[in-house]
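Q: Predicted model, plus sequence, below.
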Amino acid sequence: MLWFSKKGRRDATVAYGADVRVVQGNYDDAVRKAAEYAALNGWQIVSDTAYVGYTEIPRDVMQGYGVVMEEVFE
């Protein structure tokens with residue numbers, strides 16, 4: 001079995017109050033599972049990963065990355 005997230009990262013995320021769900025598979029599998037949980041619980045996904053039916057928020061996140069890089073190079 002392969003885990004694509006280090007235990008330390010999961011622990012640090014939990015320390016901020018998150019409920020971490022471990023998903024077997026790759027990143028795309030985890031994104032799909034997160035979308036399922038969100039739909040079932042009325043949650044909003046905020047991610048830089050776009051998929052069919054979910055493009056506005058990732059676009060905004062990516063634009064934010066661009067702003068950060070502009071500020072770094074100023």
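A: Okay, I see it.
Q: next helix or strand past the helix or strand hosting V31?
A: For V31, the element it lies in under DSSP states H and E is helix 27-41. As assigned by DSSP H and E, the chain's next helix or strand after helix 27-41 is helix 56-73.
Q: I'd like the distance from that next one to the chain centre, please.
A: Centroid displacement of helix 56-73 relative to its chain, using C-alpha atoms, centre = their mean, to the nearest Å, is 15 Å.
Q: Buried residues of it, list them for me.
A: For helix 56-73, burial by neighbour count (16 or more other C-beta atoms under 10 Å) applies to P58. For the C-beta atoms, the positions are set from N, CA and C on the backbone; glycine is no exception.
Q: Ok, stretch 21-35 next?
A: So, applying 16+ other C-beta under 10 Å, buried residues of stretch 21-35: 23, 30-31, 34-35.
Q: looking at this protein, which helix or strand does the model trust least?
A: Every helix and strand of the chain was ranked by mean pLDDT, DSSP states H and E. The lowest is helix 7-15, at a mean of 87.
Q: ok, now which ones touch the residue positioned nearest the centre of the chain?
A: Taking C-alpha atoms, centre = their mean, the centroid of the chain lies closest to S47, which sits 4.5 Å from it. Taking C-beta atoms under 8 Å, 6 or more residues apart in numbering, we find S47 in contact with 31, 34, 54, 57-58, 61.
Q: same deal with R59?
A: A50.
Q: Against Y65, how distant is it?
A: For R59, the distance to Y65 (C-beta to C-beta, to the nearest Å) stands at 11 Å.
Q: cool, F73 as well?
A: According to C-beta to C-beta, F73 and Y65 sit 13 Å apart.
Q: Also P58?
A: 11 Å.
Q: next one: V46
A: On the measure of C-beta to C-beta, V46 and Y65 end up 13 Å apart.
Q: now swap in Y27 and tell me
A: Distance from Y27 to Y65, by C-beta to C-beta: 18 Å.
Q: list the contacts for the residue nearest to Y65 when sequence neighbours are not counted?
A: Closest residue in space to Y65, ignoring its immediate chain neighbours: D48 at 7.3 Å, by C-beta to C-beta, 6 or more residues apart in numbering. By C-beta under 8 Å, 6+ apart, D48 lies in contact with 58, 61-62, 65.
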